[in-house]
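> model this:
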Amino acid sequence: MFGRNALLAALGPAFLAMVVISCGSPSIPNAGRVLLSIAVTPAQADALGGQVVFTANGTFSVAPSPAPVTFAAPYTGGFAVAPNSSNQVIATIVATGSGTATVQCVAGVSGTVEVGATASANNGTSTTVSGAAQITCP
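Coordinates of the predicted model:
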């Protein structure tokens, strides 16, 4: 009969092989993990202090999900701030981090604009996934 240590030693490599196979190729991070949607939070923000930090969280086909979208390969993309309907810039991105963007209102300009996040889906096509929020500048 096998002793406990011998059994663990015999099953260890088989268990490790199952984990590697189930996670995809160890040389290609996120292989097979598809970005399905992006939620930008907060969904609506009043920039009374002049700045708001927005976060992009993605729903993915494989865990962990939801998780921050860090805009690193294979999920390339980023944040953008749209101009208002008169093509006037109301806010700009002043800093980015791992799945975040700090948006600052332009001095002397007021209104509400969209802050969007877009990333590639990682499914072998040119598909992109995006989400949006709004910032209101006083």
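
> drop to CA atoms for contacts and neighbour counts, all remaining ones
Will do.

> got the domain ranges for the chain?
Here the domain parsing of the chain from automatic domain parsing is 1-29, 32-137.

> list the contacts of the most centrally placed residue in the chain.
The centre of the chain sits closest to residue 69, judged by CA atoms, centre = their mean, with a distance of 1.3 Å. Shown in contact with residue 69 (CA atoms under 8 Å, 6 or more residues apart in numbering): 38, 56, 57, 58, 75, 98, 99.

> which of these lies closest to residue 83?
Distances from those to residue 83 were compared by CA to CA; the smallest belongs to residue 56, at 19.8 Å.

> and residue 77, how far is that from residue 36?
From residue 77 over to residue 36 the distance is 14 Å, taken as CA to CA, to the nearest Å.

> what does residue 103 give?
Looking at residue 103 against residue 36, where the rule is CA to CA, the gap reads 25 Å.

> compare those two and say which is more crowded by neighbours.
The residue with more neighbours, out of residue 103 and residue 36, is residue 103; 23 against 16, by other CA atoms under 10 Å.

> list the contacts of that one.
With contacts taken as CA under 8 Å, 6+ apart, residue 103 has the following neighbours: 51, 52, 53, 54, 91, 92, 93, 94, 95.

> of these, buried ones?
Buried residues within the contacts of residue 103, defined by neighbour count using 16 or more other CA atoms under 10 Å: 51, 52, 53, 54, 91, 92, 93.

> the fifth one pairs with what?
Read it as residue 91. Beta-bridge partners for residue 91, by DSSP bridges, are residue 105.
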